[in-house]
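**Student:** with the sequence up front, the predicted model follows.
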There are 2 protein chains.
Amino acid sequence: MIELIPVRGLPEIRPGDDLAALICERTELRASDVVVVAQKAVSKSEGRLVRLDELEPSDKARELAGDERDPREVEAILGEAEEIVRERGPLVIARTRHGFICASAGVDHSNAPEPGVLVLLPLDPDASAASLREGLRDRAGVAVGVIITDSFGRPFRQGTTDVAIGVAGLPAILDLRGTRDRIGYELRASRVAIADEIAAAADLARGKAEGVPVVIVRGLRLSGPPGTAQELVIEPELDLFR
Amino acid sequence: MIELIPVRGLPEIRPGDDLAALICERTELRASDVVVVAQKAVSKSEGRLVRLDELEPSDKARELAGDERDPREVEAILGEAEEIVRERGPLVIARTRHGFICASAGVDHSNAPEPGVLVLLPLDPDASAASLREGLRDRAGVAVGVIITDSFGRPFRQGTTDVAIGVAGLPAILDLRGTRDRIGYELRASRVAIADEIAAAADLARGKAEGVPVVIVRGLRLSGPPGTAQELVIEPELDLFR
C-alpha cells in the first residue's frame, strides 16, 4: 500500500526560510519516503520573487498584454522565457531555461506572498531538490527522495496535472524496456515517467486552495539509479508527439 | 491521508468475465473509494481482441510497417485510428474514435491473453466505467467511483503516465475557477484534471510487469458533479498547447 500524507501547518514561506527544518518540525520522515514540495514554496524560500513595480514593460510585453493583462506581468514572463512556443491574446506558452514547456513560463501571481509580487520557477529545480534532500537527511537522519512539482497544462487534454520539475534521490523514469509481461511480450509503455506520476499523486492530497505545499508519499518501492527532472525533458527532434 | 491499495490475485481476464464480481471477491470496497482499472482488463472482459491471423494488411499498413513491424498489427492500428496524427517509420500516433491522441491508436500486444492477439481500447470507456460502477454497487452495496486507465505518451516530456480514458461516479475535472488563494488571487491552475491525477497515482501501486490491473484509491474527498473522460478531450481549436 502507498500512502499520500499531507504535511499540515506550514507557515507562509519567506525568502531564506529553511524548508527542511519547517518540514521536519511537522512530520516524522521515514527512509524511502518521497517528499513532494510545490514549486512555489521552494521559489519563495529561494527568493525567486519579483515585484511588479520593479518591472518596465517592453513594447512586446505591451503588445501581448493588450487590455487583458498587466504588461508588467507579461514582461516577467518574457524574461523567464527562452522561447515563446504559442501566444494567443495575453496567454503565452513558453519554453523555460530548464526546457519545460508551460503556461506563462512558470510565472505565477497566485499563492504569492503578497499582492504585486510574482513567483518565478527556481533557477535549477534539480539542484533545489538535491539541496532540500540533504537538509532533510541532516535533520531527520534518513535518506528520502525529493520531488519539486508544478501544475502544467498539456496538449490534447483538458486541465492541468502536477508534474516533476525537480528530482533528487529517486528515479525520474522507470525503464521497463526488456521487461516482459506474463506471456513474454516486451511491455509497450516501457518508459514510465514515475516522477510525474508521483507528482500527480501528491497533488491529490494537497487541496489547492488550502495551502498544503508538502506531501509525503510513503511505501513506494523504487529501484534503479536516482535521476533528475532534466531527464523528463525531451529533445524536440525526438518528440514524436509534438 | 489517501491510500493506494493494489487488488492482488486477479486471474487473467477473459471475454465475458464479470470484473465487478472478480474485484468484490478480493477486496472490501468502501463508499467513496475510487476503483482504478487498467484498460486491458476491461477490454479483455469485453472481448475487444483481434487475432493477427484474421487481419489482411492494406498497402498503407505494409508501407508504414516496413521491415520493422508486423503489417497486420499496423492494419489493426489503422482500423482503430480516426486520424493519423504523426507517423515515423512503424510508429504511429493516432486520434481514436474517442478523441484520444495516443501511440498505436491504443492497440497493444503486451499483456494480451496469448501470442498473436492484440488488445483494442473499449468502444466506449465511459460506458464501460459506468457499467462496472453499477456492478460494483450491486455486489458491494456501496457507491464508488470508477476510472479506466491507459498509459499514454505525451508531447514535451519523456515517458508515459497513466491517464483516465473512462470515468464514472466522480468528477473528471476539478474546477477551481473562482477559488481564491490565501491572499485573494484567483488560482492559475484552476482546472485540475483530477481523473488523470488519480490514474497516475494508481499506476504507482500497480507494478507494470506484475499484472495488477486494479487499484483502490481510498480517502479522496471529491466534490462536484460526476464527469466523464470525454470531458478531458480538448477541441483542437481550443488547444493552446497543441
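**Tutor:** Yep, it's here.
**Student:** CA atoms for contacts and neighbours, from now on please.
**Tutor:** Noted.
**Student:** what residues does stretch A:124-140 touch?
**Tutor:** A:19-21, A:24, A:28-29, A:42, A:98, A:122, A:142-148, A:165-169, A:228-230 (C-alpha atoms under 8 Å, 6 or more residues apart in numbering or on different chains).
**Student:** which of those are buried, as a ChimeraX select command?
**Tutor:** Buried members of these, defined by 16 or more other C-alpha atoms under 10 Å in any protein chain shown, are picked up in ChimeraX with:
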select /A:19,20,24,29,42,98,122,142,143,144,145,146,147,148,165,166,167,168,169,228,229,230
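**Student:** now, which of the contacts of stretch A:124-140 lie within helices?
**Tutor:** Using DSSP state H, the members of the contacts of stretch A:124-140 that fall within helices are A:19-21, A:24, A:42.
**Student:** tell me which helix or strand of chain A sits lowest on mean pLDDT?
**Tutor:** strand A:174-175 (a mean of 90; mean pLDDT, DSSP states H and E).
**Student:** now for it, which elements pack on it?
**Tutor:** Strand A:174-175 sits against strand A:191-192, with contacts defined as 3 or more C-alpha pairs under 8 Å, 6 or more residues apart in numbering or on different chains; DSSP states H and E.
**Student:** what's the distance between A:Glu82 and chain B?
**Tutor:** In this view, A:Glu82 and chain B are 15 Å apart by C-alpha to the nearest C-alpha, to the nearest Å.
**Student:** buried residues in the helix or strand hosting that residue?
**Tutor:** Using DSSP states H and E, the element containing A:Glu82 is strand A:81-88. Neighbour-count burial for strand A:81-88, with 16+ other C-alpha under 10 Å as criterion, is recorded at A:81-82, A:84-86.
**Student:** tell me the one of those residues nearest chain B?
**Tutor:** Minimum distance to chain B across these is 6.9 Å, recorded for A:Arg86 (C-alpha to the nearest C-alpha).
**Student:** show me what that closest one is bridged to.
**Tutor:** Beta bridges link A:Arg86 to A:Ile93, judged by DSSP bridges.
**Student:** max-length helix in chain A?
**Tutor:** Counting residues, the longest helix in chain A under DSSP H turns out to be helix A:125-140.
**Student:** need the ones in helices among the contacts of stretch A:124-140 in CSV (columns: distance to chain B and pLDDT).
**Tutor:** Listed next are these as CSV, based on distance: C-alpha to the nearest C-alpha, whole Å; pLDDT from 0 to 100:
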residue, distance to chain B, pLDDT
A:Leu19, 19, 98
A:Ala20, 21, 98
A:Ala21, 22, 98
A:Cys24, 18, 98
A:Val42, 17, 98
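**Student:** can you pick out the most distant pair from the buried residues of strand A:81-88?
**Tutor:** The span of the buried residues of strand A:81-88, defined through C-alpha to C-alpha, is set by A:Glu82 and A:Arg86 at 12.4 Å.
**Student:** which residues are in contact with both of those two?
**Tutor:** What both A:Glu82 and A:Arg86 touch, as defined by C-alpha under 8 Å, 6+ apart, is the set A:Ala94.
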